[in-house]
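Visitor: task: produce atomic coordinates for the following.
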Amino acid sequence: MSGGPDPAGPAWRRLTAHRRWLDDEFVRLLGFPTEPRHPDGGFAWLDATGHPDTRQPVHTWIAARMTHVHALAHLRGLPGSGPLVDHGVDALRGLLRDPFHGGWVTHSGPDGQRKDAYTHAFVVLAASSATAAGRPGTRALLDDALGVLADRFLERSSGLVTESFAADWTDEEAYRGANSNMHTVEALLAAGDVTGEPAWHGHALGIASFLVDDVARAHGWRLIEHFDRGWAPQPEYRVDEPDHPFRPYGTTVGHWLEWARLLLHLEASLDEPPRWLAEAAQALFAASVEAGWQSDGVPGFPYTLGWRDEPVVCARLHWVVAEAIGAAAALHERTGHPSYETWYRTFWDHAARYFIDPVHGSWHHELTPDLQVAAGTWSGKPDLYHAAQACLLPQARLAPALAPQLAEPAVAEPAGR
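Guide: Next up is the predicted model:
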């Protein structure tokens, strides 16, 4: 790993103007929703102008992700954020929790009663961040969520998470997905830091070992997203619906970037991390920029690639460039190699030019292949999770997770005149 990490951290942390810009963008994002709360409880799916789209039910993953973001904002000292954390926690303890069978429904309403691992991962993340923020009643929520995750979703045979069940925990889905497992890793890292229980980090390592060190390595660092019940890859899954928002056909290059970052967080969290974590993080990032960046001749990353690295869905999604920013920042922090700072600046230039919406706020969630605002895979601007973290991760260490890191005692600065 040439270069070596700078003890003072990446160069951009010493650039006062850039740090101020990141802080200002985070505050701007938090000001986007005119009213983020859904009338029924929790947080609403937001339209392109920041108004609640009440045609949508209350999605648990949005309620959890917004609770997490507001916990980070509260820890950053933004007034009004604490009550919004409490509002989200109330929904996770009431409206969205199944009082009969336990666990959390996918969304409010009679057709949202299945229970999936993706949703539960974000409940664990939200509860971890709210606990780190010191909000009332949140440790009990975290313990509940971790208990459900361990008892209902973590497979004892594989160490990975299953996908979904009916409300009463019957009708287990035969499908297994890398996306839900990836977000479980993120959630378990936060939970392990907040609870002080390293076993959660161990579970995260087990998931990453299979999906990245075993499967992605064997496929030239091209992540396999879809599996059957026995964890056999299903490369043709969803070939008839390639632009699905959660389970698209092919391989999702944004997840290569997201995994690259998470592997470095995982490495920094372990007392004796395996050497492959840093190797794999660099390999995934290298593959993503080689195979994905401008692969169709247009700036940015296509949403999905096929198995010969050909672009399949060429729409540009905001979360992909947000994760690219986080991955480049983490790799520069870990290695000190100047190429990652170059990519970091490239990705922010791309986000600022095409995705950041200076008129209505937040970031455009989707662009057409020719970089015009679109709403094919996503409508509106549902939540702030990816963009908000893109502003905070470059200012943070690799471990602990964002919320417990922000909760650390601040070092007093000299008073200004």
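Visitor: for the stretch 1-150 of the chain, which segments count as helices?
Guide: 16-30, 60-75, 81-93, 117-132, 138-148 (DSSP state H, counting those that start in this stretch).
Visitor: any chance of CSV for those, columns mean neighbour count and distance to V161?
Guide: For every residue, glycine as well, the C-beta is placed using N, CA and C. CSV is the format used below for the helices of the stretch 1-150 of the chain (neighbours: other CB atoms under 10 Å; distance: least, CB to CB, whole Å):
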stretch, mean neighbour count, distance to V161
helix 16-30, 15, 30
helix 60-75, 28, 15
helix 81-93, 21, 19
helix 117-132, 28, 4
helix 138-148, 19, 11
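Visitor: of all the ones you listed, which lies closest to A329?
Guide: When these are compared by CB to CB, helix 16-30 sits nearest A329, at 10.3 Å.
Visitor: for the helices of the stretch 1-150 of the chain, give me a markdown table that also has mean pLDDT.
Guide: Formatted as a markdown table, the helices of the stretch 1-150 of the chain follow (pLDDT from 0 to 100):
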| stretch | mean pLDDT |
| --- | --- |
| helix 16-30 | 97 |
| helix 60-75 | 98 |
| helix 81-93 | 98 |
| helix 117-132 | 98 |
| helix 138-148 | 98 |
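Visitor: how about CSV for those, with distance to R353 added?
Guide: Formatted as CSV, these follow (distance: least, CB to CB, whole Å):
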stretch, distance to R353
helix 16-30, 14
helix 60-75, 24
helix 81-93, 29
helix 117-132, 30
helix 138-148, 39
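Visitor: give me the three-state assignment for A286.
Guide: helix (DSSP: H, G, I helix; E, B strand; the rest coil).
Visitor: that one: how many residues sit nearby?
Guide: Neighbour count of A286, defined by other CB atoms under 10 Å: 15.
Visitor: enumerate every residue touching it.
Guide: Neighbouring residues of A286 by CB atoms under 8 Å, 6 or more residues apart in numbering: W221.
Visitor: nearest to G102, out of the helices of the stretch 1-150 of the chain?
Guide: That would be helix 138-148 among the helices of the stretch 1-150 of the chain, by CB to CB, at 5.8 Å.
Visitor: let me know the angle separating that closest one from helix 81-93.
Guide: Orientation check (axes from the mean of the first three to the mean of the last three CA atoms, to 10 degrees): helix 138-148 against helix 81-93 gives 40 degrees.
Visitor: what about the closest residue to A11 other than its chain neighbours, distance to T335?
Guide: Counting by CB to CB, 6 or more residues apart in numbering, A11 lies nearest to E341, which is 6.1 Å off, once chain neighbours are set aside. Look at E341 and T335: by CB to CB, to the nearest Å, they are 10 Å apart.
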